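> below is the sequence, then the predicted model.
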There are 2 protein chains.
Amino acid sequence: MLQRLSTLFLRTLREDPADAEVPSHRLLVRAGYIRRAAPGGFTWLPLGWAVYRNVENIVREEMNRAGFQEVHFPALLPREPYEATGRWADYGDNLFRLKDRRGNDFLLAPTHEEMFTLLVKDLYSSYKDLPVSIYQIQTKYRDEARPRAGLLRGREFSMKDSYSFDIDEAGLQASYDAHRVAYQRTFDRLGLPYVIVSAVSGAMGGSASEEFLAPLEVGEDTFVRCSASTCDYAANTEAVQVRVPTSVPFDGVPAPQVADTPNASSIAALVGYMNGTPALKRADREWNAADTLKNVVVRLRYPDGSTQPLVVGVPGDREVDMKRLEAQVSPAEVEPFGDDDFAKHPSLVKGYIGPGVLGLHGASGIRYLVDPRVVPGSRWITGANEHGRHVVDLVCGRDFTPDGTIEAAEVHSGDPCPRCGAPLEIARGIEIGHIFQLGRKYAEALGLTVLDQNGKQVVVTMGSYGIGVSRAVAAVAETCYDDKGLCWPREVAPADVHVVIAGKDESQIAAAESLCADLSRSGIRVLLDDRTSASPGVKFKDAELIGVPTIVVVGRGVADGVVEVKDRKTGEREDIALSSAVAHLVSLCRN
Amino acid sequence: MLQRLSTLFLRTLREDPADAEVPSHRLLVRAGYIRRAAPGGFTWLPLGWAVYRNVENIVREEMNRAGFQEVHFPALLPREPYEATGRWADYGDNLFRLKDRRGNDFLLAPTHEEMFTLLVKDLYSSYKDLPVSIYQIQTKYRDEARPRAGLLRGREFSMKDSYSFDIDEAGLQASYDAHRVAYQRTFDRLGLPYVIVSAVSGAMGGSASEEFLAPLEVGEDTFVRCSASTCDYAANTEAVQVRVPTSVPFDGVPAPQVADTPNASSIAALVGYMNGTPALKRADREWNAADTLKNVVVRLRYPDGSTQPLVVGVPGDREVDMKRLEAQVSPAEVEPFGDDDFAKHPSLVKGYIGPGVLGLHGASGIRYLVDPRVVPGSRWITGANEHGRHVVDLVCGRDFTPDGTIEAAEVHSGDPCPRCGAPLEIARGIEIGHIFQLGRKYAEALGLTVLDQNGKQVVVTMGSYGIGVSRAVAAVAETCYDDKGLCWPREVAPADVHVVIAGKDESQIAAAESLCADLSRSGIRVLLDDRTSASPGVKFKDAELIGVPTIVVVGRGVADGVVEVKDRKTGEREDIALSSAVAHLVSLCRN
């Protein structure tokens, strides 16, 4: 393959696009790989499309290698299957809905669980047909509230989604493991570093689930991993489960007392006041922020439009992490609890809310869920439900009983690892893959059963597995760029070799043309900068920006029979005899 | 590649699906290539997707070979560009429109003229950048009133659409010709017979345009071609232009006279009455149906919802061809002129409408367009605008003047070829490609100009070129099937060789496995029927139905060291020594 810059549909930019927030977006636009076409929608230019197709092919090859079979569904689907599983409503505003000319409801599919389930139901009927894993690589749609970061979060994007169908749990585990291995191979080939973290499955339903995150600062996902070299615990922040004892002893804790706490406008002020007031001091040590129990009230909005208040109790050294909370209450959404809402619940005294009025059986009747650290026997300073007053030595299980627990408190760097107790580290990442053990939710909703060995109808158990293909292009770009531009891994790059004709000398042109023809004949993908209108400086800059892994400069050296071969990533250069340049480059590219 | 039927996600059907109207639909469903997923939307199963991808690759390779560059746009697009060109309205009910969560208008693109125009405007600015031809292969959407015939007319389908950009007409012609050649190569490789016919461009705007039709009875398009071996005239019926003299002499034609024409309830009755009534007889010959001028009134509905009546005058030996009429008035749609409408236009006497009241300046004020055969000097029997009366010897240009002409009369087999005068033949076909000289319509509407050699801004001239990729799969299927099933051309087939293990004998299984492993290593795509649950009869039937070009039966012959090699299309069988089977099959497949 030989592509000439003189005719390539490309325009590189010297300036960063104004709307680009992250390096991949900035560089993919500047280097002429993509252009914005719509809010959250991008056009792939020829170089970008070549990269996209390379990534797609790697994904496809690894799926096929694992024995998964490719199919392809429409993106425009009727409402009914999504109604049957509840997702028509659960997806809320994130779903693009439309009507056809007859007024029938359709959607643009965000994922295809329903359709795959119905397809297997349509074709298969016996345990003998299972297991089967099928997949597609397809355009997906989500009406994101805030499309951002270029290809990282768009409204139209390409995804590989697979689904496994098994007769039992053991089968599901085997299918899940096979996908896990296929994903590892895929990301290894893409040159993408990744961490596999435990995840919550959110609106998808199901039980076990893991995410593949590329650990990058620009990522939207926060995850934790254990700092101990002997422990491989890693989890999406939303999925972190606090490790706590089932209860703690509270013998000798005094009876609760209500106290005036003037000027306790912050947790720090409250703790300071307590420690400075003899009657309120703690005997064994000073009070600290983690001894206070902060009760945060929010409003949940359900997909059907109904709302309900919820109070979340967390230790005062932590905030409620809205993303963790949302993951727990999904598909409900979390909204602020406004002054109007307070007016409707006079038992809630803003700033002094305490367990005394909370809970479904309390005076407020509001559901009260607490952080798992609020174990039976734990001892708290908390609101007394009167302005300017707190209650001290309130013991969980002795003096109050919440409706349950919820994992919604912030995770802090240094928190103990739930597996081994060593300190956790916090980092950010881009979600590049997600594997779910869906279980029977979809099969049950849509009636996918098969006959088992005993002739009995059993519900099939499913897995669901996704890779963001267009997002992977951006993730790869995020892991390989420098101040000059992109530097693609070879298997993903739009070409193997970028040949620059430095001068206008006939001999240089002839040498470059001959070299490129030979390389192309050897199966090397070549980009030839044969532009006569661009200066050598512009050509070099463009080569660095475009980021093909090997750059060959055909310049004055031709008079001495040499060309310069440069590694885009390391910057290393060497002069190679023209006579051996083809062999040298072929061996470089085949490595 | 080796795929086993024991694990292939496939279920063949013995019965035709109830909703299948055409052979390709019936067989693609029965052989497990596609399944219906939505009205006008199909799911590709593994075998179907393999065929689809083969077709897509052929299209892509031929586009690339011609130097066209691949890009990829979103399918979900904002309203504004389509508003600027008028297509947001012009597409009427055929466009899928939707709103995002903020209430902004979007559409699912039926074609991408606007976006390609804007992209070139975005990147290019000089005549030096031109010519350029760019294309994409992408999912398109049209809200068809009546999706039908499986993949032939869907609401979601895959299309290759290219666009050329040139500085002048000569450039456009060259780009157009290059696409024409690339299309010929593409359809040749697909094994699709085709006729290139002149076409009208309809809602696309623009001037010259040709369609590639696969001449098949199941097609929705009607076309004509000249029966003379020396003439290559061919045209879509909508595009046929009647060849007429500029005028005919009318010396000696008597003055028009109005006559009672009792019982003239049909053209035949009218003509019979005329010939049988001495005062009305024609001097030189008998009157015939072609001497009568029938005036048909319709209502046009414009995209903005407004309506307007139109009278079309055609010779009485022909009906108005609604598809020809629609092509002429597009984007307006043609509706019947009802009793309500007649009530509003009392000058129109149903059954006796004549030129006397027609035309924008006539008593009715209704626009009056006539068939081109109604040339100045031509002499007609037509309605007298009074019940039971006609006018005879009404001469066009002498006694009435229409507002213009329109090509809306039926084309008859045997009509003279507009190019050479020999009789025309009529046939049906499937539109598989369409090439347009769009001209400057889109560039003007969207402001795509470049600097020419003199530093002047000039509007770019464009071409637009489409191939229905998913439709081509069905078209290929329509050209190669028999009563047993499909018979794919090798380059399109889901595999090269379909190996059937006829018995359960270990030696047969071992021989088949070894043969398939060797073939696969040689790069041959193999489908191996290794099912133990299916009888030999079922396996043979499935092999015929699936339609891989070469079928190998590994059966009892193994004991004598032979296998049977069968050509799916011709049915020819020969026994081949197992020892030379690989070489034999490789040479068959590489032919």
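That came in fine, so what should we check first?

> gap between whichever residue of the stretch 351-500 of chain A sits closest to chain B and residue A:95?
Nearest residue of the stretch 351-500 of chain A to chain B (Cβ to the nearest Cβ) works out as residue A:470 at 9.8 Å. (Glycine included, C-beta is placed from N, CA and C.) Look at residue A:470 and residue A:95: by Cβ to Cβ, to the nearest Å, they are 19 Å apart.

> low-confidence ranges in chain A?
For chain A, the stretches with pLDDT under 70 are A:201-207.

> give me the domain ranges for it.
The record's domain parsing of chain A by automatic domain parsing lists A:23-213+A:430-478, A:257-405, A:495-590.

> will you turn those into CSV that also has distance to residue B:346 and mean neighbour count?
CSV is the format used below for those (distance: least, Cβ to Cβ, whole Å; neighbours: other Cβ atoms under 10 Å in any protein chain shown):
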stretch, distance to residue B:346, mean neighbour count
domain A:23-213+A:430-478, 35, 21
domain A:257-405, 56, 17
domain A:495-590, 71, 18
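
> as TSV, those domains with distance to residue B:588 would be great.
Output for the domains of chain A, formatted as TSV (distance: least, Cβ to Cβ, whole Å):
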stretch	distance to residue B:588
domain A:23-213+A:430-478	25
domain A:257-405	57
domain A:495-590	26
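
> so residue A:232, which state does it fall into?
Assigned state for residue A:232: coil (three-state reduction, DSSP: H, G, I helix; E, B strand; the rest coil).

> longest strand anywhere in chain A?
Of all the elements of type strand in chain A, the one with the most residues (DSSP state E) is strand A:424-439.

> does whichever helix or strand comes after it reach chain B?
Note on strand A:424-439: by DSSP states H and E, the next helix or strand toward the C-terminus is helix A:441-446. No. Counting by Cβ under 8 Å from any Cβ of the partner chain, chain B has no neighbours in helix A:441-446; the shortest distance is 13.7 Å.

> now for helix A:441-446, which elements pack on it?
With contacts taken as 3 or more Cβ pairs under 8 Å, 6 or more residues apart in numbering or on different chains; DSSP states H and E, helix A:441-446 sits against helix A:80-84, helix A:113-123, strand A:461-468.

> let me have these in JSON lines, extended by distance to chain B.
Shown next, in JSON lines, are these (distance: least, Cβ to the nearest Cβ, whole Å):
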{"stretch": "helix A:80-84", "distance to chain B": "10"}
{"stretch": "helix A:113-123", "distance to chain B": "4"}
{"stretch": "strand A:461-468", "distance to chain B": "15"}
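
> dig out what the residue nearest the centre of chain A forms beta bridges with.
Nearest residue to the geometric centre of chain A (Cα atoms, centre = their mean): residue A:431, 2.6 Å. Under the criterion DSSP bridges, residue A:431 forms beta bridges with residue A:213.

> double-check it against residue A:466; I have them as touching.
No. The pair residue A:431 and residue A:466 fails to qualify as a contact (Cβ atoms under 8 Å) at a distance of 9.2 Å.

> run through who's touching stretch A:579-591.
A:490, A:496-497, A:515, A:518-519, A:522, A:524, A:550, A:552, A:561, A:563, A:565, A:576 (Cβ atoms under 8 Å, 6 or more residues apart in numbering or on different chains).

> go on, stretch A:344-352?
Applying Cβ under 8 Å, 6+ apart, the set of residues contacting stretch A:344-352 from outside is A:297, A:309, A:342, A:357, A:362-364, A:366, A:383-390.

> if we use 7 Å, what do you get?
Contacts with stretch A:344-352, where a contact means Cβ atoms under 7 Å, 6 or more residues apart in numbering or on different chains, come from A:297, A:309, A:342, A:357, A:363-364, A:366, A:383-387, A:389.

> for chain B, what's the nearest residue on the stretch 151-300 of chain A?
For the stretch 151-300 of chain A, Cβ to the nearest Cβ, closest residue to chain B: residue A:156, 4.7 Å.

> these two touch, right, that residue and residue A:142?
No. With contact defined as Cβ atoms under 7 Å, residue A:156 does not reach residue A:142; the gap is 8.5 Å.

> how many neighbours does residue A:484 have?
Using other Cβ atoms under 10 Å in any protein chain shown, residue A:484 has 15 neighbouring residues.

> residues contacting it?
Residue A:484 sits next to A:544-545 when contact means Cβ under 7 Å, 6+ apart.

> if I look at it, how far off is residue A:11?
The gap separating residue A:484 from residue A:11 is 18 Å, by Cβ to Cβ.

> with residue A:135 instead?
Residue A:135 sits 36 Å away from residue A:11, going by Cβ to Cβ.

> now the helices and strands packed on helix A:441-446 in TSV, with distance to residue A:346?
As requested, the helices and strands packed on helix A:441-446 are exported to TSV (distance: least, Cβ to Cβ, whole Å):
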stretch	distance to residue A:346
helix A:80-84	40
helix A:113-123	45
strand A:461-468	46
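
> residue B:401 is nearest to which of these?
For the helices and strands packed on helix A:441-446, the distance to residue B:401 is smallest for helix A:80-84, at 58.4 Å, taking Cβ to Cβ.

> and the contacts of the helix or strand just after that closest one?
Note on helix A:80-84: by DSSP H and E, the next helix or strand toward the C-terminus is helix A:87-90. Residues from elsewhere that reach helix A:87-90 (Cβ under 7 Å, 6+ apart): A:79, A:82, A:203, A:303-304, A:331.
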